[in-house]
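# Build the 3D model from these lines:
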Amino acid sequence: MPRTDFDYLFSARDTVYSYELFLNAVAQFPAFCNEHRPSADSFDNLGTDESACRRELATLFAHIIYESGQPVSGDETSFLTGLQILMEPGCQPAPVVNPAECKYEDTGTTTSVNYPAFDSVDYFRRGPIGLRWNNFYTEFSKSYFDAAAYQSFRLLLADPDRMMNEPALLFASALWRYMVPRSPKASAHALISGMFEPNQFDKNLGVGNNFGSTIDAMALDSSDGQTSECNNGRETEGAQLRGEIYGFLLRFFKLNAERDLGCATTIMTNGGAGTSPSHWFYKDEN
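Residues are numbered from 1 along each chain as shown. Modelled structure (predicted):
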């Protein structure tokens with residue numbers, strides 16, 4: 001992706017979010033823009049290596065713009081406000097005492113039971129996709145800092161504000177959320193690249209190689225990875241806006257228009273192909 005395109009799409013970005021840091025983050029995930037498989041859901045946007053990469057960029061950027069910008073439905077100029085937000089508004093780094101809604105402390109997942117949260121810090125949204133919840137900070141920390149390293153999981157669990165002091169972590173966390181599956185959900189990368197093959201159980205629940213399914217993979221309301229944006233029987237405002245941004249980006253990248261941009265009846269759950277062993281391994285397992 002040329003710098004000129006990046007500069008245009010993120011013309012209002014915070015200066016911390018540099019083009020170079022984006023490329024550095026992408027380089028840590030070799031499968032990004034480097035694998036695809038034809039899919040009936042792709043509307044011929046997976047026909048070539050270039051078009052598949054453009055589709056992947058459109059997907060990642062749609063979620064980034066939604067999470068870190070100020071997009072407004074019906075106003076495409078507002079879709080150029082992505083990467084403005086570094087951390088969750090209303091929350092501040094330690095030692096500030098934040099309101100309860102900045103805590104994002106999970107105690108129920110296996111990760112959190114094994115690696116409890118620290119009372120002195122808060123796990124609010126940081127970065128382009130808004131990494132949040134102590135268990136997600138633990139898992140990203142273990143991945144980024146080498147799972148084989150002694151207590152690598154503690155580095156961000158004990159100091160989530162390190163994200164702000166080492167900007168490379170910001171984009172890396174976004175690519176990690178996009179690329180890494182979380183059972184029973186496939187990764188957004190696998191879904192949009194066609195590498196994920198939904199079984200009949202998935203298809204019955206609206207899961208396919210379409211943008212709408214990536215909303216279920218990327219939107220996050222709870223520490224167990226669930227979202228209120230999908231499987232409501234109707235399209236939520238959030239899901240509709242994500243789809244609208246994606247449509248704008250399809251046009252920008254000169255790709256074919258697509259359907260299935262929402263997730264009103266979509267959910268990845270136990271019984272789907274997302275529970276199968278994934279392509280993701282920690283660094284010491286490659």
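# CA only for contacts and neighbour counts going forward, please
Will do.
# May I have stretch 88-100 as CSV, with CA atoms only?
Provided in CSV are the C-alpha atoms of stretch 88-100 (Å, rounded to 0.1, in the frame of the first residue of the first chain):
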residue,chain,number,x,y,z
GLU,A,88,-10.4,5.4,25.5
PRO,A,89,-11.9,8.9,26.2
GLY,A,90,-12.4,9.6,29.9
CYS,A,91,-9.7,7.2,30.9
GLN,A,92,-6.1,8.1,31.9
PRO,A,93,-2.9,6.2,32.6
ALA,A,94,-1.8,5.3,36.1
PRO,A,95,-1.5,6.6,38.7
VAL,A,96,-4.8,8.5,37.9
VAL,A,97,-7.8,6.9,39.6
ASN,A,98,-10.2,6.2,36.8
PRO,A,99,-14.0,5.7,36.9
ALA,A,100,-15.1,2.1,37.2
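# Name the helix or strand of this structure that has the lowest mean pLDDT.
Using mean pLDDT, DSSP states H and E, the weakest-scoring helix or strand in the chain turns out to be helix 110-114, at a mean of 87.
# what residues does whichever helix or strand comes after that helix touch?
Where DSSP states H and E defines the elements, the next helix or strand beyond helix 110-114 is helix 134-144. Applying CA atoms under 8 Å, 6 or more residues apart in numbering, the external contacts of helix 134-144 come out as 104-106, 109, 111-112, 115-117, 123, 131, 152-157, 160, 172-173, 176, 223, 282-283.
# change it to 7 Å
Under the criterion CA atoms under 7 Å, 6 or more residues apart in numbering, residues 104-106, 111-112, 117, 123, 152-157, 173, 282-283 lie in contact with helix 134-144.
# Which of these ranks first by neighbour count?
Tyr123 (29 neighbours; other CA atoms under 10 Å).
# quick one: it and Ile64, what's the gap?
The gap separating Tyr123 from Ile64 is 19 Å, by CA to CA, to the nearest Å.
# now swap in Tyr17 and tell me
For Tyr17 relative to Ile64 (CA to CA), the value is 12 Å.
# can you check Val121 too?
For Val121, the distance to Ile64 - CA to CA - is 25 Å.
# who's more crowded, the two?
Val121 (23 against 20).
# Give me the nearest residue to the more buried one, chain neighbours excluded.
Computed as CA to CA, 6 or more residues apart in numbering, the closest residue to Val121 that is not its neighbour in sequence is Ala94, at 6.0 Å.
# isn't the one you found right up against Phe118?
No - here Ala94 does not reach Phe118: they are 11.6 Å apart, not a contact under CA atoms under 7 Å.
# What score does Tyr282 have for pLDDT?
At Tyr282, the model reports a pLDDT of 39.
# any idea which helix is longest in this protein?
Criterion DSSP state H: the longest helix present in the chain is helix 49-68.
# model confidence over that helix, on average?
What helix 49-68 shows for mean pLDDT is 98.
# cool, stretch 152-164 as well?
When pLDDT is averaged along stretch 152-164, the result is 93.
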